[in-house]
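Engineer: A predicted structure for the sequence below; I have some questions about it.
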Amino acid sequence: MKTVLSLREISFAYGAGEGDRLFAGLSMHVAEGEFVSVVGASGSGKSTLFKLIAGLLEPASGEIALYGDRAARRLGSVGYMPQRDLLLPWRTVMDNCLLPLELAPRGRPKDGAAEVRRLLARFGLEGKERAYPAELSGGMRQRVALLRTVMTGRPLLLLDEPFGALDAMTKRELHRWLLGLWGGLDKSVLFITHDLEEALLLSDRVYLMPAAGSGDGLLELRPGLPRPRDASLKYEPGFVKLRRELELLLDEQTTAVP
Ligand SMILES: Nc1ncnc2c1ncn2[C@@H]1O[C@H](COP(=O)(O)OP(=O)(O)OP(=O)(O)O)[C@@H](O)[C@H]1O
């Protein structure tokens, strides 16, 4: 499998002082078609890591390569969905989803609307193309935001806690939906979450962020759960054991502050 994204020995600090270092020596990769999660304590730098990958920030040292190209321009080359849905309230669902095509240098292709319509059905948003964001439920808004990210046409999607603000029931519904949709999307995903169950249920691999400033690397977990998956997987003993393991690892990481 080809490597879509690789990070080698990345370090970063927002400030220039001693003790300002957020992380150092982070290495990771995402292969074509993989779903990879990043979990970690609040403030460990997960969103910062995404901003580095998306090209919104530059690392102090280390290399970030897209498709093996260390010199690749990252800004605009990955589909980035930030924590808040950021749908434009004055635009309909259709016009929000067409936005990436309008911003692309080649402009809005004629068949863009047809593509959005095709995806709306698969995203469970049939009949909503003329609705405005305020008329949708939270779960629907997140699906529109995800659809818009898919419309960037980028093979790698960075999803920063896309379901973090949703209630437990809506979140479960979106997990079921995403597990069904995932195989057919033909995308690689890097996914931030606080929710360990969500990380295990959706991912092929999980990375654990080290505690901020500890200088440790990312810890990698390969749950090895078979696909296709069903949301009921989380009640199986093997899954519960993995979740417990991940919880213990995360506790260790969190308490490892120097
Ligand atoms: N623009 C900025 N300038 C200075 N410090 C920042 C900036 N953005 C984030 N930080 C700090 O960097 C640290 C990591 O923030 P980041 O948002 O990357 O963490 P996170 O792991 O994504 O947290 P959460 O899970 O709470 O979203 C925090 O201490 C935060 O205050």
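Structural biologist: In hand now; what should we look at?

Engineer: count of residues packed around residue 4?
Structural biologist: 24 (other C-beta atoms under 10 Å). Glycine gets a C-beta too; all of them are placed from N, C-alpha and C.

Engineer: isn't it right up against residue 155?
Structural biologist: Yes: the pair residue 4 / residue 155 is scored as a contact, 6.2 Å apart, by C-beta atoms under 8 Å.

Engineer: now for these two: what residues contact both?
Structural biologist: Common contacts of residue 4 and residue 155, defined by C-beta atoms under 8 Å, 6 or more residues apart in numbering, comprise 32, 188.

Engineer: where do the helices of the stretch 51-200 of the chain begin and end?
Structural biologist: Remark: helices assigned in the stretch 51-200 of the chain by DSSP state H, counting those that start in this stretch are 93-103, 112-122, 138-150, 168-185, 196-202.

Engineer: now the ones you listed in JSON lines, with mean pLDDT and distance to the ligand?
Structural biologist: JSON lines is the format used below for the helices of the stretch 51-200 of the chain (pLDDT from 0 to 100; distance: least, C-beta to the nearest ligand atom, whole Å):
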{"stretch": "helix 93-103", "mean pLDDT": "91", "distance to the ligand": "23"}
{"stretch": "helix 112-122", "mean pLDDT": "89", "distance to the ligand": "28"}
{"stretch": "helix 138-150", "mean pLDDT": "91", "distance to the ligand": "16"}
{"stretch": "helix 168-185", "mean pLDDT": "82", "distance to the ligand": "16"}
{"stretch": "helix 196-202", "mean pLDDT": "92", "distance to the ligand": "13"}
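
Engineer: residue 33: which of these is closest?
Structural biologist: Closest of those to residue 33 is helix 168-185, at 9.2 Å (criterion: C-beta to C-beta).

Engineer: next up, the contacts around residue 31.
Structural biologist: Residue 31 neighbours (C-beta under 8 Å, 6+ apart): 1-4, 188.

Engineer: ok, the residues you listed vs the ligand, which is closest?
Structural biologist: In terms of C-beta to the nearest ligand atom, no member of these lies closer to the ligand than residue 188, at 20.4 Å.

Engineer: tell me the spacing between that closest one and residue 166.
Structural biologist: To residue 166, residue 188 is 23 Å away according to C-beta to C-beta, to the nearest Å.

Engineer: who has more neighbours out of these two?
Structural biologist: Neighbour count, other C-beta under 10 Å: between residue 188 and residue 166, residue 188 has more, with 25 against 18.

Engineer: that one pairs with what?
Structural biologist: Counting by DSSP bridges, residue 188 is bridged to residue 156.

Engineer: hey, C-alpha coordinates of stretch 21-36 in CSV?
Structural biologist: Extracted as CSV, the C-alpha positions of stretch 21-36 are listed here (Å, rounded to 0.1, in the frame of the first residue of the first chain):
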residue,chain,number,x,y,z
ARG,A,21,8.1,23.0,23.3
LEU,A,22,4.8,21.4,22.6
PHE,A,23,6.2,18.2,21.1
ALA,A,24,9.4,16.7,19.6
GLY,A,25,10.3,13.7,17.6
LEU,A,26,6.8,12.8,16.4
SER,A,27,6.8,10.2,13.6
MET,A,28,3.7,8.7,12.0
HIS,A,29,2.2,7.7,8.7
VAL,A,30,-1.1,7.0,6.9
ALA,A,31,-1.4,4.5,4.1
GLU,A,32,-3.8,4.7,1.2
GLY,A,33,-7.3,3.8,2.2
GLU,A,34,-6.4,3.7,5.9
PHE,A,35,-8.5,5.2,8.8
VAL,A,36,-6.2,6.3,11.5
